[in-house]
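Colleague: Sequence and computational prediction follow.
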Amino acid sequence: MGVPPVPATGDPDAVKRTVVGRLVWTGTTALSQFSVHRDAQISAAVSYHVLFAIVPLFTFLGTIFGLLLNDPERRQEVTDALIDRFPLSPSAGVDIERILSEIPTPFTVIGVISIVALLWSASGMMSSVRIGLTAAFDEGVGRPFFRSKLVDVLLVISVGCLFIVFLALTIAINAVERWSETVAGGLGAAGFDRGSFLAVLASPVLTFGVLLLLYRLVPRTRLRFRDLAVGAGAAAIASEAIRLGFSYYLATVARYDLLYGALGSVFAFLLVVYLQAIVLLLGAEIACAWAKSAYGPPEPEPSVPLTKQARDAIRGLFVRSERE
């Protein structure tokens, strides 16, 4: 499937497209390039690497939990809370305090292995994302090997930092709402309570900002922010639609747990990752197409219908043409 031609810069024969023409050209070109660059396969590779990252991620989080339990007082508090919530008889033979004390920390062998495995799988996922963005923005011509790997590592670190920041903000907001009714009331008056318009709008706006920076910093080719904003905006809207639609689907239709048990949640999560990766790469294709959509080749002269050509030819045998 060919890509519609794009006139060279400064071509005097180029025709400025209308807004509708730009939208139609951008949509058809983005879909065509999405197929040419095999973005669906790259999205599958992203979800594949995420699958391998799940186990080391939870192992690493477990080691962080073990690090927090090094303090005897905190470990005793957790033990008392577990015993109160899940009372066990002495005959059960379960020593909760001993189990908590034996949880590995990041400095043990298991902790180091989980960190290495997590970094390896995360860098593979980011490598797939980088390859997809390189295909869209740079026509597959990427950076040298070590510079590309450096980009992957920086992406992993950035995502990790974002995860920590969002987790800390969530914990802080929940703590403030629970401990201070005054602050919670102030947040509600300002429109930041749960379910408010501003709270609902925060997720797509944040997604838009992350995608905009990703499209700007990862590829070698630097497009204008206003062109990137079109792709990032479309991807952010699609991402939010997937999140809401899939949440409704899981709550009302899907029954993964009946067939797959506990693995059903993993399968559902991987499907969401795959769809979000498709949105990420399709947004990049839209941004690239929109940047080239302002001008197009001149409209070809309308072709004369074959029936009219035959009629004019027969008429010319008897009557001289007016052009002659």
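Modeller: Perfect, I can see it now. Residues are numbered from 1 along each chain as shown.

Colleague: can you pull out the strands in the stretch 201-324 of the chain?
Modeller: 295-296 (DSSP state E, counting those that start in this stretch).

Colleague: Run through it and note the low-pLDDT ranges.
Modeller: Low-confidence regions of the stretch 201-324 of the chain, defined here as pLDDT under 70, cover residues 253-264, 296-304, 316-317, 319-324.

Colleague: which residues in it form helices?
Modeller: Listed in chain order, the helices of the stretch 201-324 of the chain (DSSP state H, counting those that start in this stretch) span residues 225-252, 256-260, 263-291, 306-316.

Colleague: Mind giving me the packing neighbours of the longest one?
Modeller: This means helix 263-291. helix 19-36, helix 39-68, helix 109-138, helix 197-217, helix 225-252, helix 256-260 (3 or more C-beta pairs under 8 Å, 6 or more residues apart in numbering; DSSP states H and E). The way it works is simple: take the backbone N, C-alpha and C, and place the C-beta from them, glycine included.

Colleague: please redo it, this time with the cut-off set to 6 Å
Modeller: Helix 263-291 is packed against helix 19-36, helix 39-68, helix 109-138, helix 225-252, helix 256-260, with contacts defined by 3 or more C-beta pairs under 6 Å, 6 or more residues apart in numbering; DSSP states H and E.

Colleague: which of those sits most buried?
Modeller: Per residue and on average, the most neighbours among these fall to helix 109-138, with a mean of 20 (mean count of other C-beta atoms under 10 Å).

Colleague: Between helix 263-291 and it, find me the angle.
Modeller: 30 degrees (axes from the mean of the first three to the mean of the last three C-alpha atoms, to 10 degrees).

Colleague: State the mean pLDDT of helix 109-138.
Modeller: Computed over helix 109-138, the mean pLDDT rounds to 82.

Colleague: just checking, what packs against that helix?
Modeller: For helix 109-138, the packing partners by 3+ C-beta pairs under 6 Å, 6+ apart come out as helix 39-68, helix 145-179, helix 263-291.

Colleague: Okay, now the unreliable bits of the stretch 51-200 of the chain?
Modeller: 68-69, 71, 75, 78-80, 82-106, 167, 169-199.

Colleague: picking that back up, need the helices and strands packed on helix 263-291 in JSON lines (columns: distance to residue 162).
Modeller: Written out in JSON lines, the entries for the helices and strands packed on helix 263-291 read as follows (distance: least, C-beta to C-beta, whole Å):
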{"stretch": "helix 19-36", "distance to residue 162": "26"}
{"stretch": "helix 39-68", "distance to residue 162": "15"}
{"stretch": "helix 109-138", "distance to residue 162": "13"}
{"stretch": "helix 225-252", "distance to residue 162": "15"}
{"stretch": "helix 256-260", "distance to residue 162": "28"}
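
Colleague: just to revisit the earlier point, so which of the helices of the stretch 201-324 of the chain is nearest residue 202?
Modeller: helix 225-252 (10.9 Å; C-beta to C-beta).

Colleague: residues contacting the closest residue to residue 118 other than its chain neighbours?
Modeller: The shortest distance from residue 118 to any residue other than its chain neighbours is 4.0 Å, reached at residue 56 (C-beta to C-beta, 6 or more residues apart in numbering). For residue 56, the contacting residues are 114, 117, 118, by C-beta atoms under 6 Å, 6 or more residues apart in numbering.

Colleague: hang on, the earlier thing: which one of the helices and strands packed on helix 109-138 lies nearest to residue 215?
Modeller: If we rank the helices and strands packed on helix 109-138 by C-beta to C-beta, the stretch that ends up nearest is helix 263-291, at 5.8 Å.

Colleague: Run the angle between that closest one and helix 19-36 for me.
Modeller: Per the same axes, to 10 degrees, the angle that helix 263-291 makes with helix 19-36 is 130 degrees.

Colleague: what comes up buried for helix 263-291?
Modeller: Counting neighbours by 16 or more other C-beta atoms under 10 Å, one finds that the buried residues in helix 263-291 are 264, 268, 270-291.

Colleague: quick one: it to helix 225-252, angle?
Modeller: 160 degrees.

Colleague: pretty sure residue 279 is in contact with residue 239, am I right?
Modeller: Yes: the pair residue 279 and residue 239 qualifies as a contact (C-beta atoms under 6 Å) at a distance of 5.1 Å.

Colleague: how about stretch 206-218 as CSV, C-alpha atoms only?
Modeller: Listed next in CSV are the C-alpha coordinates belonging to stretch 206-218 (Å, rounded to 0.1, in the frame of the first residue of the first chain):
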residue,chain,number,x,y,z
LEU,A,206,-0.9,13.6,32.0
THR,A,207,-0.8,11.0,29.3
PHE,A,208,-0.7,13.7,26.7
GLY,A,209,2.3,15.3,28.3
VAL,A,210,4.2,12.1,28.6
LEU,A,211,3.6,11.1,25.0
LEU,A,212,4.6,14.6,23.8
LEU,A,213,7.9,14.4,25.6
LEU,A,214,8.4,10.8,24.3
TYR,A,215,7.8,11.8,20.7
ARG,A,216,10.1,14.7,21.1
LEU,A,217,13.1,13.2,22.9
VAL,A,218,13.4,9.6,21.7
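
Colleague: I am finished for the moment; much appreciated.
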